[in-house]
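# Sequence first, predicted coordinates after that:
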Amino acid sequence: MKTTARLPRSALALALSFAGVAGAQQHDHAAHATDAAPAAAMDRSRMNHSHAGNKTPAKTAAAQSKAAAADPAQTNHSQMDHSRMDHSGPATPAAASEPDAAMDRSKMDHSQMDHSKMDHSQMGHGAAPRADAPQQPREPIPAVTDADRTAAFPPISLHMQHAPEFGHMVVFNRLEAVDAEHGSAQAWEGQAWFGNDTDRLWLRSEGEREDGRTESANLEALYGRAISPWWDVVAGVRHDFRPERSQTWAAFGLQGLSPYKFEVSATAYLGERGQSALNLEAEYELLLTNRLILQPLVEVEFYGKDDPRRETGAGLSSAEAGLRLRYEFSRKFAPYIGVSWERAFGDTADYRRAHGERIEDTRLVAGVRLWF
């Protein structure tokens, strides 16, 4: 027969107390390990928060947490029960929030989100400025005023006040030989000015010789006043030496550079016996190269009344058009060749027919342009 040793009652009670404490501590630490491990690895935005009847063992919960952390896109937000979540607890550690920052937002299903409950007033919609975006000036550019325009474009007297006090230039635009009907002929057209940029004395002359005889010649002496950087008004006298008897005219007009760089001259004349005339001339220089220049020219004359002695009729009297191609060895010396066309109209044409002259003529020309 075996004899069982009985412990005293006090010793038995002490042993049971130690066993209970040890079991409670083991249970408490196991539960704590079960809750703490998933909390550190779980992504709150991916886990299933439905805690009703949650009796998942600690190992299963840890496995689900690892799977959710490995594939954040598989998290089903529609099954999350946010009503039972305890948001009053301590803030999630930074390590637990890193999966949220790394979440691929392109895979989020926005069709399941209730945007009507979002508070857009608290959202910052202002985009950060780009580094390469143009920066606004620190001080705004002021608007252009009339005073600014006046300073940029001063009156002609102020604009020319620093120009030389006196200057001059002599130009023979046409000094040429002409293939005329009855042999060779010579023609000229030139001008000169003396003065400054606002006040000048202008001399203009043109004429023609044929078979050693002067057919036409005139000379104008005009005072010119600049009214803009491109235009002068002129007034003076003109004297015709030929044809027939000489005649003097009072002259006044306008000359200058029109838009598109057309050189324009318009001069009106009043004669001794109540005669009147108007001369219009325009020419243009087309630069084919820096030295090769094509120059078209048109000249038209009108008279107020008939003058049988000078064989001119009232109205449109004559028109001339020319085309000359010159080569500038320098600006002061440029030989040229070209063609000239002339025609008489109205009573002027009748006077020429009566004297056996042609009313229309086309001639080849060759000459030189000189500048002194």
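Good, I have the coordinates. Numbering: from 1, shown residues only.

# When you work out contacts or count neighbours from here on, use the C-alpha atoms and nothing else.
Noted.

# what are the ranges of the strands in this protein?
Remark: strands assigned in the chain by DSSP state E are 167-180, 183-195, 199-210, 213-226, 231-242, 247-258, 262-270, 276-283, 286-287, 292-303, 315-327, 333-344, 360-371.

# could you check the angle strand 213-226 makes with the second one?
Per axes from the mean of the first three to the mean of the last three C-alpha atoms, to 10 degrees, the angle that strand 183-195 makes with strand 213-226 is 20 degrees.

# average model confidence for strand 183-195?
Mean per-residue pLDDT for strand 183-195: 92.

# can you list the weak-confidence ranges in the stretch 151-300 of the chain?
Scanning the stretch 151-300 of the chain for pLDDT under 70 picks out the ranges 154-164, 182.

# mind checking the end-to-end distance for stretch 256-267?
One end of stretch 256-267 sits 12 Å from the other (C-alpha to C-alpha, to the nearest Å).

# Just the buried residues of that stretch, please?
256-257, 263-267 (16 or more other C-alpha atoms under 10 Å).

# Among these, which pair sits farthest apart?
Greatest spacing in those, by C-alpha to C-alpha: 257 and 267 (14.8 Å).

# circling back to that earlier point, could you redo the strands of the chain as CSV and give each row distance to residue 140?
Putting the strands of the chain into CSV (distance: least, C-alpha to C-alpha, whole Å) gives the following:
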stretch, distance to residue 140
strand 167-180, 46
strand 183-195, 47
strand 199-210, 44
strand 213-226, 39
strand 231-242, 39
strand 247-258, 38
strand 262-270, 41
strand 276-283, 47
strand 286-287, 44
strand 292-303, 48
strand 315-327, 52
strand 333-344, 53
strand 360-371, 52
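
# Which of the ones you listed sits closest to residue 151?
Residue 151 lies closest, by C-alpha to C-alpha, to one member of those: strand 213-226, at 19.6 Å.

# List the buried residues of the closest one.
Of the residues in strand 213-226, 214-226 count as buried by neighbour count, 16+ other C-alpha under 10 Å.

# hang on, residue 317 packs against residue 347?
Yes: with contact defined as C-alpha atoms under 8 Å, residue 317 reaches residue 347; the gap is 7.5 Å.

# Give the bridge partners for the closest residue to residue 258 other than its chain neighbours, please.
Nearest in space to residue 258, with sequence neighbours left out and distances taken as C-alpha to C-alpha, 6 or more residues apart in numbering, is residue 264 at 6.6 Å. With DSSP bridges applied, residue 264 shows beta-bridge pairing to residue 256, residue 282.
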